[in-house]
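> build me a structure from this.
(chains A and B)
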Amino acid sequence: MEAESSTSNQQRKRKRSASESSEKPAQSTWRTDKEHRLYSSKLLEALRRVRSGSGSSSPRTDPPRSRAVREAADRALAISARGRTRWSRAILSSRSIKLKSNRIRVPCPARPKRTELERIQSAADQEKKKSVVLQSKAKVLGRLVPGCKKLSFPTLLEEASDYIKALEMQVKAMSALTEILSMIGGGTEGAPGMVQDAGAGTSTGTDSMPPPA
Amino acid sequence: MSSRRSRISEEEINELISKLQSLVPESRRRGSNRASATKLLKETCNYIKSLQREVDDLSDRLSDLMAGMDNNSAQADIIRSLLSS
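Next up, the predicted model:
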């Protein structure tokens, strides 16, 4: 259900971003084919490195390798953001200084967040209960998006919407790659259940991937 | 009073909320813009979590597929050349 809604979501988004890109350039971010191709090639590079890094010492110990794949994919995604967003910078900085500390706190204005929320609360007393619940939900959201724990509410929303679009592109690219590899590999994985049907969906799956050189 | 500044922030926030609303699936009902801010945040968190789970799952699959490359076979050669071009 998740996969279906996300793929049809993306198909709808393509049509929508075509019309919206004229009003706001930000709307077409992460949605263009060019970015998709850029990300796919960065992803391939990163996977190459993972592969050469691990060698053939551990054919079946997947946890370290799958984590390496995940981190490589995230890193490639963050690089594709070209430093525009906090979450991408947080991913990159936390990777390179991994040994020192697990989480790098990206300097964000912590205090303005409180006063801004307090002002909103005092201005609309009817919605006081709502904004308290809103605050706790916003906190959860801030923990999900990397590097956004202490952001003001509007900034957090902006980061989250960019992050969502980037994640959608990441899922699309990785699904396409997985589909191709599993078809080539002769189905050790079986038909990838998360992606579109192999028969019907090859066109949507592969037309945004770079042709294998 | 600070009502003017907070009103501007509220407009900003509503705009961002509707932007988020257009991104998150199952949350794009046109009529319920203002009432469901909390619900929208919850949907957003769930959506992000599900996207991250998908990525994790895909990473697992990719690592499996890459592990399969270490076998000697014609298919593994194709994969290897794909990844090393």
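> how many residues are close by A:Lys129?
10 (other C-beta atoms under 10 Å in any protein chain shown). Heads up, the C-betas are built off the backbone N, CA and C, glycines and all.
> now do A:Leu44
The local packing of A:Leu44 (other C-beta under 10 Å) involves 21 other residues.
> for the helix or strand containing it, enumerate the helices and strands it packs against.
Element membership for A:Leu44, per DSSP states H and E: helix A:33-54. Helices and strands touching helix A:33-54, by 3 or more C-beta pairs under 8 Å, 6 or more residues apart in numbering or on different chains; DSSP states H and E, are helix A:62-80, helix A:153-184, helix B:37-68, helix B:74-84.
> nearest to A:Leu144, of those?
With C-beta to C-beta, the closest approach to A:Leu144 among these belongs to helix B:37-68: 4.9 Å.
> show the average pLDDT along that closest one.
Helix B:37-68 carries an average pLDDT of 87.
> any buried residues in that helix, and which?
Buried residues in helix B:37-68, counted by 16 or more other C-beta atoms under 10 Å in any protein chain shown: B:37-38, B:40-45, B:47-48, B:50-52, B:54-55, B:57-68.
> which helices and strands does it pack with?
Where contact means 3+ C-beta pairs under 8 Å, 6+ apart, helix B:37-68 is packed against helix A:2-20, helix A:33-54, helix A:62-80, helix A:128-144, helix A:153-184, helix B:3-23, helix B:74-84.
> quick check: angle from it to helix A:153-184?
Inter-element angle recorded for helix B:37-68 and helix A:153-184: 30 degrees (by axes from the mean of the first three to the mean of the last three C-alpha atoms, to 10 degrees).
> surely A:Ala76 meets A:Val50?
No. Counting by C-beta atoms under 8 Å, A:Ala76 does not reach A:Val50; the two are 10.9 Å apart.
> in a markdown table, list the helices and strands packed on helix A:33-54 along with distance to A:Ser40.
Listed next are those as a markdown table, based on distance: least, C-beta to C-beta, whole Å:
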| stretch | distance to A:Ser40 |
| --- | --- |
| helix A:62-80 | 9 |
| helix A:153-184 | 5 |
| helix B:37-68 | 13 |
| helix B:74-84 | 12 |
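> sorry, back to before: then the helix holding A:Leu44 to PDB, C-alphas only?
Coordinates of each C-alpha in helix A:33-54 appear next as PDB, following Å, rounded to 0.1, in the frame of the first residue of the first chain:
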ATOM      1  CA  ASP A  33      14.800  14.200 -14.300                       C
ATOM      2  CA  LYS A  34      18.100  15.900 -14.300                       C
ATOM      3  CA  GLU A  35      18.400  15.800 -10.500                       C
ATOM      4  CA  HIS A  36      17.200  12.200 -10.600                       C
ATOM      5  CA  ARG A  37      20.000  11.300 -13.000                       C
ATOM      6  CA  LEU A  38      22.600  13.200 -11.000                       C
ATOM      7  CA  TYR A  39      21.500  11.400  -7.800                       C
ATOM      8  CA  SER A  40      21.500   8.000  -9.500                       C
ATOM      9  CA  SER A  41      25.000   8.400 -10.700                       C
ATOM     10  CA  LYS A  42      26.200   9.600  -7.300                       C
ATOM     11  CA  LEU A  43      24.500   6.600  -5.800                       C
ATOM     12  CA  LEU A  44      26.200   4.300  -8.200                       C
ATOM     13  CA  GLU A  45      29.600   5.800  -7.300                       C
ATOM     14  CA  ALA A  46      28.900   5.500  -3.600                       C
ATOM     15  CA  LEU A  47      27.800   1.900  -4.000                       C
ATOM     16  CA  ARG A  48      31.000   1.200  -6.000                       C
ATOM     17  CA  ARG A  49      33.000   2.500  -3.000                       C
ATOM     18  CA  VAL A  50      31.000   0.400  -0.600                       C
ATOM     19  CA  ARG A  51      31.600  -2.700  -2.700                       C
ATOM     20  CA  SER A  52      35.300  -2.100  -3.100                       C
ATOM     21  CA  GLY A  53      35.600  -1.200   0.600                       C
ATOM     22  CA  SER A  54      34.100  -4.400   2.000                       C
END
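> pLDDT (mean, whole number) over that helix?
Per-residue pLDDT over helix A:33-54 has a mean of 78.
> same thing with stretch A:84-92?
For stretch A:84-92, mean pLDDT rounds to 88.
> any buried residues in it, and which?
For stretch A:84-92, a neighbour-count test (16+ other C-beta under 10 Å) marks A:85-92 as buried.
> now swap in stretch A:160-168 and tell me
Within stretch A:160-168, the residues scored as buried using 16+ other C-beta under 10 Å are A:160-168.
> now narrow the residues you listed to whatever sits close to chain B.
Contacts with chain B are made by A:160-161, A:163-165, A:167-168 out of the buried residues of stretch A:160-168, judged by C-beta under 8 Å from any C-beta of the partner chain.
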